[in-house]
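In: Quick check, what structure comes out for this input:
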Amino acid sequence: MMRLGSVLMLGLLVALNASLAAAQEQAGDLDWRPQVAVPAYTADGPLIRVDQGHGSLQTIDGRYAGFAALMRADGYRVDAGRGRLDAPGALDGVAVLVIANAASPENGSRVSAFDEAEIEAMARWVALGGSLLLAVDHAPHGTAAEALGARFGVTMGKGYAFQSVRNDVTANLVFPRQALGDHPIIAGRGAARACRSSTPSPASPSRGPTDRPCCWR
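Out: Predicted coordinates:
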């Protein structure tokens, strides 16, 4: 999947089945059972933990059920984290931490989904070899992830990304292969699994560091 120690900043790499109605409501496909011809791991693969302790609606038994099913079919172990990320042992044994659309606290105590202690705990964990997959959708999610993104050199947008099309604009962006950069996620495990284009859901404009590879939605 990804080399441990790399920091991956991207939106939704795995497109979950979604209903883009006026309210932009999304629903995971709970019945999807993907088949992987040659799994990366046959047993006891690395642990992927999906953060469910910071207001995200992307859960492994809901909107991210498809993501969890695909990762498990590829041999990874997947579980959910529901506590603070700076708690003792919170990231022990975790190879990949997935944070998708974390939200600001409901009590209004701060804008950021994570306080400084949690952000620094994640930064130390990444420095020691952990991999962070940060998925940030369009507004208002960029605001809640701004402090965490900044810690890794990423400036989060706080609106919507649009593209000019003739005399109009569209949020239905299509990124061809040459626009996706050079990264193991894009290259895949062999030519048959390489990503040739990306068509994300409505996104937020963001800017990342130029001195290391990043994937963008």
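In: Can you give me the distance of D137 to I186?
Out: Distance from D137 to I186, counting by CB to CB, to the nearest Å: 20 Å. Heads up, the C-betas are built off the backbone N, CA and C, glycines and all.
In: cool, G129 as well?
Out: Taken as CB to CB, the spacing of G129 relative to I186 amounts to 22 Å.
In: more neighbours, the two?
Out: Set side by side, G129 and I186 give different neighbour counts by other CB atoms under 10 Å, the larger being at I186 (17 against 11).
In: My guess is that one contacts C195. True?
Out: Yes: using CB atoms under 8 Å, I186 is in contact with C195, at 4.8 Å.
In: Identify the contacts common to those two.
Out: R177, L180 (CB atoms under 8 Å, 6 or more residues apart in numbering).
In: residues touching the closest residue to D86 other than its chain neighbours, list them.
Out: Take D86 and drop its neighbours on the chain: the residue closest to it by CB to CB, 6 or more residues apart in numbering is A121, 3.7 Å away. For A121, the contacting residues are L85, D86, A90, L91, taking CB under 8 Å, 6+ apart as the criterion.
In: Show me how far the helix or strand containing A121 is from its chain's centre.
Out: For A121, the host element (DSSP states H and E) is helix 116-127. Averaging C-alpha positions (CA atoms, centre = their mean, to the nearest Å) puts helix 116-127 17 Å from its chain's average.
In: With stretch 66-81 instead?
Out: 14 Å.
In: which parts of it are buried?
Out: For stretch 66-81, the buried set under the neighbour-count rule, 16 or more other CB atoms under 10 Å, comprises 66-72, 74-78, 81.
In: can I get the CA coordinates of it in CSV?
Out: Output for stretch 66-81, consisting of C-alpha atoms alone and laid out as CSV, is shown next (Å, rounded to 0.1, in the frame of the first residue of the first chain):
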residue,chain,number,x,y,z
GLY,A,66,-16.2,-0.3,1.3
PHE,A,67,-12.8,1.0,2.2
ALA,A,68,-12.5,-1.4,5.1
ALA,A,69,-13.7,-4.3,3.0
LEU,A,70,-11.2,-3.6,0.3
MET,A,71,-8.3,-3.3,2.7
ARG,A,72,-9.3,-6.5,4.4
ALA,A,73,-9.5,-8.3,1.1
ASP,A,74,-6.0,-7.1,0.4
GLY,A,75,-4.8,-8.8,3.6
TYR,A,76,-4.7,-5.8,6.0
ARG,A,77,-6.3,-5.7,9.4
VAL,A,78,-8.7,-2.9,10.0
ASP,A,79,-10.1,-1.5,13.2
ALA,A,80,-11.6,1.8,14.6
GLY,A,81,-10.0,4.2,17.0
